[in-house]
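S.K.: pasting the sequence and the predicted model now:
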Amino acid sequence: MSNTEAHPDEVVCHEGGLPGPRSSCADGVPVEIIEAREVPLGGPRAMTVRRTLPQRQRSMIGAWCFADHYGPDDVSSTGGMDVAPHPHTGLQTVSWLFQGAIDHIDSGGNVGRVLPGQLNLMTAGHGICHSEVSTRETTVLHGVQLWLALPDAVRDTLPRRFQHYEPEPVAFEGGSALVFLGSLLGVASPVDVHSPLVGAEIRLEAAAMLKLPVDPAFEHGVLVDAGEVSLEGVSVPRGAVGYAGIGSDRLRLRNEGAEPARLVLIGGAPFGEDIVMWWNFVGRDSDEIARYRREWQEEADRFGRVEGYVGHDPEGLTRLPAPALPGVRLHPRQNRPPHVQG
Ligand code: MN
């Protein structure tokens, strides 16, 4: 996924800064609602995604620094996903589908097909580029793409990597979970992470209630894909993230509706490092971001090359150009501190 917002300004979050209209952490209510905004992915028949992270309200949840949710889209009308080769630095991308298929090619020499129920984790480290194209056979595309910021200690030294993992469902009374990163419900993903974190798809049957044991050192977000879900008794609209801060060893999730519900749980230890995120880059200061941009534009070795990208449009771009930098220096995101559950 590429961040194609027309003005991908950095987001600066200050403690006590602009809470969203429904943010309730200051009132002692344990959940804040992070509403999605619609963002076109670009291209001739641009597919639209619902972006919940980053936001002025809250830029990260643990190391999770970006969350796009899309579909279910009839690809015959939207054109599906066609993101030409574009770069990343200092992060990992997590592709998780509910429906459809996406072909991935990256400059680490990895070619893979992303399918529902399978974690595909790409590590950018020092620099990578990749393309993402929904397959011709895909009729409905539906999923999420999430980014994880890499800690400073490893962000420049981790090699380019593309890892694949298909978790077994874990059943509980009233539903099941697919734990794709970290540990939850007694199972652990074998995929390495670089800061303490968790990621899982959770399905809840109609009227099911789950008291989910979690690490009290983690903050959590519940991205609702389908159904009428509440977190700690607070209704989380479809496409939004319900945010729960640190300090609780249980999350109370409930399907309030008569249809099955599905959500994606993301969580982790508060990241503890300020990052600068602009376009598809995660760095630490404005000069670093400017250097990444220049090196991408100059086709420098930092990013390598994607071999074999075929987009949906024969006349389309073979490589996404970086947008212009804003005329002011980029500042680090200072994420609002996690609130503590009462
Ligand atoms: Mn990408």
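M.R.: Structure's in. What do you need?

S.K.: Glu166: neighbour count?
M.R.: Using other Cβ atoms under 10 Å, Glu166 is surrounded by 11 other residues. Heads up, the C-betas are built off the backbone N, CA and C, glycines and all.

S.K.: for the ion, see how far away the closest residue to it other than its chain neighbours is.
M.R.: Closest residue to Glu166 apart from its sequence neighbours, by Cβ to Cβ, 6 or more residues apart in numbering: Gln118 at 4.7 Å. To the ion, Gln118 is 17 Å away according to Cβ to the ion, to the nearest Å.

S.K.: again, but for Asp106
M.R.: From Asp106 to the ion the distance is 9 Å (Cβ to the ion).

S.K.: show me what the nearest residue to that residue once chain neighbours are set aside is bridged to.
M.R.: Spatially, and ignoring its direct neighbours in sequence, Asp106 is nearest to His130 (3.8 Å; Cβ to Cβ, 6+ apart). Beta-bridge partners of His130, counted by DSSP bridges, are His86, Asp106.

S.K.: pLDDT value on whatever residue of the stretch 101-250 of the chain ends up closest to the ion, please?
M.R.: When scored by Cβ to the ion, the stretch 101-250 of the chain has His130 as its residue closest to the ion, at 5.7 Å. Per-residue pLDDT puts His130 at 98.

S.K.: ok, now which ones touch the nearest residue to Ala149 once chain neighbours are set aside?
M.R.: Nearest residue to Ala149 in three dimensions, chain neighbours excluded: Cys65, at 4.5 Å (Cβ to Cβ, 6+ apart). Taking Cβ atoms under 8 Å, 6 or more residues apart in numbering as the criterion, Cys65 is in contact with Leu53, Pro54, Ser59, Leu91, Trp147, Leu148, Ala149, Phe271, Ile275, Met277, Val282.

S.K.: could you look up the SS state of Cys65?
M.R.: strand (DSSP: H, G, I helix; E, B strand; the rest coil).

S.K.: count of residues packed around Leu41?
M.R.: Number of residues near Leu41 (other Cβ under 10 Å) recorded here: 22.

S.K.: how about the contacts made by it?
M.R.: Applying Cβ under 8 Å, 6+ apart, we find Leu41 in contact with Met1, Ser2, Thr4, Met47, Thr48, Val49, Met81, Val83.

S.K.: got CSV for these, with neighbour count and secondary structure too?
M.R.: Listed next are the contacts of Leu41 as CSV, based on neighbours: other Cβ atoms under 10 Å; DSSP: H, G, I helix; E, B strand; the rest coil:
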residue, neighbour count, secondary structure
Met1, 23, coil
Ser2, 19, coil
Thr4, 19, coil
Met47, 22, coil
Thr48, 13, strand
Val49, 25, strand
Met81, 26, coil
Val83, 24, strand
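
S.K.: ok, and which of the residues you listed reach the ion?
M.R.: Intersecting those with the contacts of the ion gives Met1, Ser2 (criterion: Cβ under 5 Å from the ion).

S.K.: quick one: low-confidence parts of this protein?
M.R.: 4-29, 42-45, 341-342 (pLDDT under 70).

S.K.: what parts of it come near the ion?
M.R.: When proximity is defined as Cβ under 5 Å from the ion, the chain approaches the ion at Met1, Ser2.

S.K.: without its sequence neighbours, what residue ends up closest to the residue in the chain that the ion sits nearest to?
M.R.: The minimum distance from the chain to the ion, using Cβ to the ion, falls at Met1 (4.5 Å). Distances taken as Cβ to Cβ, 6+ apart place Gln145 nearest to Met1, at 4.1 Å, with adjacent residues excluded.

S.K.: can you show me the helices along this protein?
M.R.: Per DSSP state H, the chain carries helices over the ranges 75-78, 152-155, 286-297.

S.K.: most packed of these?
M.R.: Comparing these by mean neighbour count (mean count of other Cβ atoms under 10 Å), helix 286-297 comes out on top with a mean of 18.

S.K.: gap between that one and the chain center?
M.R.: 23 Å (Cα atoms, centre = their mean, to the nearest Å).

S.K.: likewise stretch 267-283?
M.R.: In terms of Cα atoms, centre = their mean, the centre of stretch 267-283 is found 12 Å from the chain centre.

S.K.: spatially nearest residue to the spatially most central residue of the chain (excluding sequence neighbours)?
M.R.: Centroid-nearest residue in the chain: Leu146, 1.5 Å away (criterion: Cα atoms, centre = their mean). Spatial nearest neighbour of Leu146, excluding adjacent residues (Cβ to Cβ, 6+ apart): Val94 at 4.3 Å.

S.K.: cool, Arg37 as well?
M.R.: Arg51 (5.5 Å).

S.K.: what's across from the one you found in the sheet?
M.R.: Here Arg51, judged by DSSP bridges, has bridge partners Arg37, Asp68.

S.K.: tally of neighbours for it?
M.R.: Count around Arg51 with other Cβ under 10 Å applied: 21.

S.K.: these two touch, right, Glu205 and Phe172?
M.R.: No. Glu205 is beyond contact range of Phe172, at 10.4 Å (criterion: Cβ atoms under 8 Å).

S.K.: what's around the residue of the stretch 101-250 of the chain closest to the ion, how many residues?
M.R.: 29.

S.K.: residue contacts, it?
M.R.: Counting by Cβ under 8 Å, 6+ apart, His130 makes contact with Pro85, His86, His88, Thr93, His104, Ile105, Asp106, Ser107, Met122, Val306.
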